[in-house]
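Asks: Build the 3D model from these lines:
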Amino acid sequence: MARETSLHPARYWHPLEDGRLLCELCPRLCKLKEGQRGLCFVRQHIGGEMVLTTYGRSSGFCVDPIEKKPLNHFFPGSAVLSFGTAGCNLTCRFCQNWDISKSRQVDTLADDATPEIIARAAAELGCRSVAFTYNDPVIFLEYAVDVAAACRARGVATVAVTAGEILAAPRAEFFAAMDAANVDLKAFTEEFYRRQCGAELEVVKETLEYLARETGVWVELTTLLIPGLNDSDRELDEMTRWVVDRLGPDVPMHFTAFHPDYKMLDIPPTPPATLAKARSTARANGVRHAYTGNVHDESGGSTLCHACGRVLIGRDWYRLTRWNLTDDGRCRHCGTACPGRFDGPPGDWGAKRRPVRLGDFAAGI
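Replies: Next up, the predicted model:
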């Protein structure tokens, strides 16, 4: 396939009097001299212009279950075409995709694809959606927005897996292109965000409130619980109360298990009991759909009717085991609507993970 990358014009920047460019995509507000890249690595000052250096290039494509994103209320059981690029605008010491998100090597970007090729591949592979994941898609906003437009033209939805560190103007453009988002709510203290992620909790909270109040994007949250850092009873209580108060009780929360990785190798894995405690706290505080993840826990992974308590969707890892929803997403037992996006019977993709190359889909584009 012919390489589709060129230095693609970037948006959300302006020149400074000293010749530098101010990037206004995320709260870092990087000021770049000629030739310099932002902390994200992919936005660069070249010839007096800001460019995106990873447009049309990916670290690889896989067909996954949508539940792996994780999204439990967005076309359950369906397949999603997942991909990412390189770089990130956070510096998380515990990053579990660090080989991609922390990459500073363009050789990481092994697969080339235009937005039209990605949309065609997703449709022909039977994927209900395309997910921008593995690294944060806000840093390749221009590429993600173009892919989303091509997908919508073919009836394919798009999903952002993001930390939500993006400023107001690009936030509006980015999420207008998305159908669903899983947002990492990494902790609920500014200290954790500053020390462990080089980021700002307040910006994430602003993104979440914007999504919940001003868009039609389906939103679910994920918190990776790290022993001793963000798993205290007080923090989980404050976080889950805030979610219900500011976002509403229908926003699902996923509590997932940490394992030692990247620069955080001295902390043990999260005990399953910690995840169960977090789920219990969330439910007690009014979160109607709280889940455990990265552990085998069919009870903690299943969707219950918040009205009658019956199992609506049974899950064993990423495999659906029970389905008690009507085609329009109501409980078969009591008729209460389950929040989410449903359009008939569930998909049957299961737990499969299928790597794909997009060269075969280029013909005729």
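Asks: Wait, Lys263 touches Phe94, no?
Replies: Yes: if you go by CB atoms under 8 Å, Lys263 and Phe94 touch, sitting 7.4 Å apart. (Each C-beta comes from the backbone N, C-alpha and C, glycine too.)
Asks: what about these two, which has more around it?
Replies: For Lys263 versus Phe94, neighbours defined as other CB atoms under 10 Å are more numerous around Phe94 (20 against 14).
Asks: Could you double-check that that one sits in contact with Gln196?
Replies: Yes: between Phe94 and Gln196 there is a contact at 6.9 Å, judged by CB under 8 Å.
Asks: what's Arg357 in contact with, if anything?
Replies: In this structure, Arg357 makes contact with Phe61, Asp111, judged by CB atoms under 8 Å, 6 or more residues apart in numbering.
Asks: I'd like the distance between it and Pro170.
Replies: Distance from Arg357 to Pro170, counting by CB to CB, to the nearest Å: 31 Å.
Asks: would you list every one of the strands in the stretch 251-365 of the chain?
Replies: Ranges of strands within the stretch 251-365 of the chain are 253-257, 290-293, 303-304, 311-316, 319-323, 354-356, based on DSSP state E, counting those that start in this stretch.
Asks: Could you do the stretch 51-200 of the chain as well?
Replies: Using DSSP E, counting those that start in this stretch, the strands of the stretch 51-200 of the chain run over 57-58, 61-65, 79-83, 111-112, 129-132, 157-162, 180-184.
Asks: just to revisit the earlier point, can you lay out the strands of the stretch 251-365 of the chain as CSV showing distance to Ala276?
Replies: Shown next, in CSV, are the strands of the stretch 251-365 of the chain (distance: least, CB to CB, whole Å):
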stretch, distance to Ala276
strand 253-257, 9
strand 290-293, 6
strand 303-304, 15
strand 311-316, 16
strand 319-323, 19
strand 354-356, 32
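Asks: Specify the stretch among those strands that is closest to Leu275.
Replies: Among the strands of the stretch 251-365 of the chain, the nearest to Leu275 by CB to CB is strand 290-293 (4.1 Å).
Asks: how far does stretch 181-200 stretch from start to finish?
Replies: 19 Å (CA to CA, to the nearest Å).
Asks: Report the rounded mean pLDDT for that stretch.
Replies: Averaging pLDDT along stretch 181-200 yields 97.
Asks: Also stretch 56-74?
Replies: Stretch 56-74 comes out at a mean pLDDT of 94.
Asks: and if you look at stretch 350-362?
Replies: 87.
Asks: Give me the buried positions along it.
Replies: By neighbour count with 16 or more other CB atoms under 10 Å, stretch 350-362 contains the buried residues Val356, Leu358, Phe361, Ala362.
Asks: With adjacent residues omitted, what lies nearest to the first one?
Replies: What sits nearest to Val356 in space, not counting adjacent residues and going by CB to CB, 6 or more residues apart in numbering, is Phe61, at 5.0 Å.
Asks: Okay, and the beta partners of that neighbour?
Replies: Phe83, Val356 (DSSP bridges).
Asks: Could you verify my assumption that it touches Ala122?
Replies: No: checked against CB under 8 Å, the pair Phe61 and Ala122 is beyond contact range at 9.4 Å.
Asks: More neighbours: those two, which one.
Replies: Between Phe61 and Ala122, counting by other CB under 10 Å, Ala122 is the more crowded of the two (30 against 23).
Asks: Need the pLDDT of that one.
Replies: pLDDT recorded at Ala122 is 97.
Asks: what do you get for the one 4 residues further on?
Replies: Gly126 is assigned 97 on the pLDDT scale.
Asks: Contacts only, for it.
Replies: Taking CB under 8 Å, 6+ apart as the test, what Gly126 contacts is Ala79.
Asks: what about it, distance to Ala177?
Replies: Distance from Gly126 to Ala177, by CB to CB: 22 Å.
Asks: Thr215 now?
Replies: From Thr215 to Ala177 the distance is 11 Å (CB to CB).
Asks: what domains does the record give for this protein?
Replies: 8-52, 57-297+339-356 (automatic domain parsing).
Asks: Which of those domains has the lowest mean pLDDT?
Replies: Minimum mean pLDDT among those: domain 57-297+339-356, a mean of 93.
Asks: Not counting sequence-adjacent ones, nearest residue to Thr336?
Replies: Ala307 is the one closest to Thr336 (CB to CB, 6+ apart), at 3.9 Å.
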